[in-house]
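sequence first, predicted coordinates after that:
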Amino acid sequence: MELTRRRFSGMAAMGAAWGLAPGIGAQQPERSLRYCIVGLGRISMQHFMPATRLSKYGRVTALVSGHRDKAEKMAAEYGVPAKSIYSYEDYDAIAGNPEIDAVYIALPNSMHAEYTIRAAKAAKHVLCEKPMATSAADAQAMVDACRAARRKLMIAYRCQFEPINLRAVGLIRSGKLGKVEAISTGFGFNIAAGEWRLNRKLAGGGPLMDVGIYSLNACRYLTGEEPVGVQAYSSVIDQDGRFREVEENLSWSMKFPSGAVASCNTTYGANLTGFFRVFGSRGVIHVENAFGYDGQHLTAAVEGEPPINEASTERDPAHFPRLADHLAECVFDDKEPKCAGEEGLRDMQLMGAIYKSCQTA
Ligand code: NAD
């Protein structure tokens, strides 16, 4: 954390309005969380890094990349000094950089554990992309390493910060829907050949690890319960070489302690826009595009109430700044993140159980 003056111009204007000379009395020190971006791919360059500019506390102060030219281009855009550009080989040197408070890990899934553990050893906080790891054992090691280093570990479950998803949770918790009886949800897309997501070693699995995890996590935050049983099937239809190492389709069901049941689908073979439907004893909620970067749309029919029809007014990267700020606030106030490492670990354990069930189905 540092005390910055990044809101200087706005505050200077305020100062001028109070008759203060610019820079005198107008500079209120402000806290920030300075992120080192690990992996310059789609999610980091197109979503998270721009989001830091919209966030209250997030700043990009260092980069880790295997491509120096790309890193230099991004460094110029974000004002990162050359001394704060690292390769994967000299990553551990971030320990000696006081301009880094936290790392944002946006690497292929199987690399999350190693780069989180190395960050913890370098005494940095961690915001790690989903899925947290490729096994529950790795996820547990990440939790342990961050705990031992007394550093925060947060998993980037952005939908837990998205207003329409939160509205659905609110409707359920208010009791208006009655008892949750069943949930139906899905998320998938038709994947292009050549993606690292099709390589088991890097991805750890297929669409379940990548996008099915949104449905899994949603079932948990919608019910507020932990599944007590899972059953699953996986399949490959397209014999075009894409699915030699990972599943193409996966369908699973879950049972919760209350008796609520969930039915979930994920695929790499079809464009399945993320959605969920929650069937309660007194009403139904339907959210379309539930897990997209924007465009969420909620309709609900609840007994005795006028129909609800609400669409997100946010535009990408609207819920990413909240991720950057939430970790910052947790660091400032020494609080546990809403989606700490244990939350990611629970999903890893459940995905392990889902894959295990596929083997016996
Ligand atoms: P990407 O392929 O666009 O970027 C991956 C980055 O890792 C690249 O900079 C690449 O150079 C680097 N890399 C380092 N070693 C590599 C290797 N051996 N093979 C391939 N790439 C290597 O991927 P992405 O879509 O940005 O996904 C990165 C992570 O972010 C994944 O874990 C993914 O699940 C997650 N993600 C999260 C969201 C979200 O909405 N929260 C969305 C997309 C991706």
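All right, it came through fine.

if I look at residue 254, how far off is residue 269?
According to CB to CB, to the nearest Å, residue 254 stands 22 Å off from residue 269. For every residue, glycine as well, the C-beta is placed using N, CA and C.

the two: which has the busier surroundings?
It is residue 254, of residue 254 and residue 269, that has more neighbours when counted by other CB atoms under 10 Å, with 26 against 21.

for that one, which non-adjacent residue is closest in space?
For residue 254, ignoring the flanking residues on the chain, the nearest one in space by CB to CB, 6 or more residues apart in numbering is residue 227 at 4.1 Å.

so where's the protein shaky on pLDDT?
Scanning the chain for pLDDT under 70 picks out the ranges 1-29.

most proximal residue of it with respect to the ligand?
Residue nearest to the ligand within the chain: residue 41 (1.8 Å; CB to the nearest ligand atom).

run through the strands of the stretch 51-200 of the chain in chain order.
For the stretch 51-200 of the chain, applying DSSP state E, counting those that start in this stretch gives strands covering 58-64, 85-86, 102-105, 125-128, 153-155, 180-188.

which of those strands sits closest to residue 200?
Of all these, it is strand 180-188 that lies closest to residue 200, at 18.1 Å by CB to CB.

which elements pack onto the next helix or strand after that closest one?
Following strand 180-188 in sequence order, the next helix or strand is helix 200-203 (DSSP states H and E). Applying 3 or more CB pairs under 8 Å, 6 or more residues apart in numbering; DSSP states H and E, we find helix 200-203 packed against no helix or strand.

pretty sure the residue of the chain closest to the ligand is touching residue 106, no?
Yes: with contact defined as CB atoms under 8 Å, residue 41 reaches residue 106; the gap is 6.0 Å.

quick one: which of the two has more around it?
residue 106 (25 against 15).

wait, the more buried one touches residue 38, no?
Yes: the pair residue 106 / residue 38 is scored as a contact, 6.6 Å apart, by CB under 8 Å.

confirm residue 331 sits in a helix?
Yes: under DSSP: H, G, I helix; E, B strand; the rest coil, residue 331 sits within a helix.

how about it, what does it touch?
1, 33, 101-102, 125, 152 (CB atoms under 8 Å, 6 or more residues apart in numbering).

quick check on those: which are buried?
Among the contacts of residue 331, the ones that count as buried by 16 or more other CB atoms under 10 Å are 33, 101-102, 125, 152.
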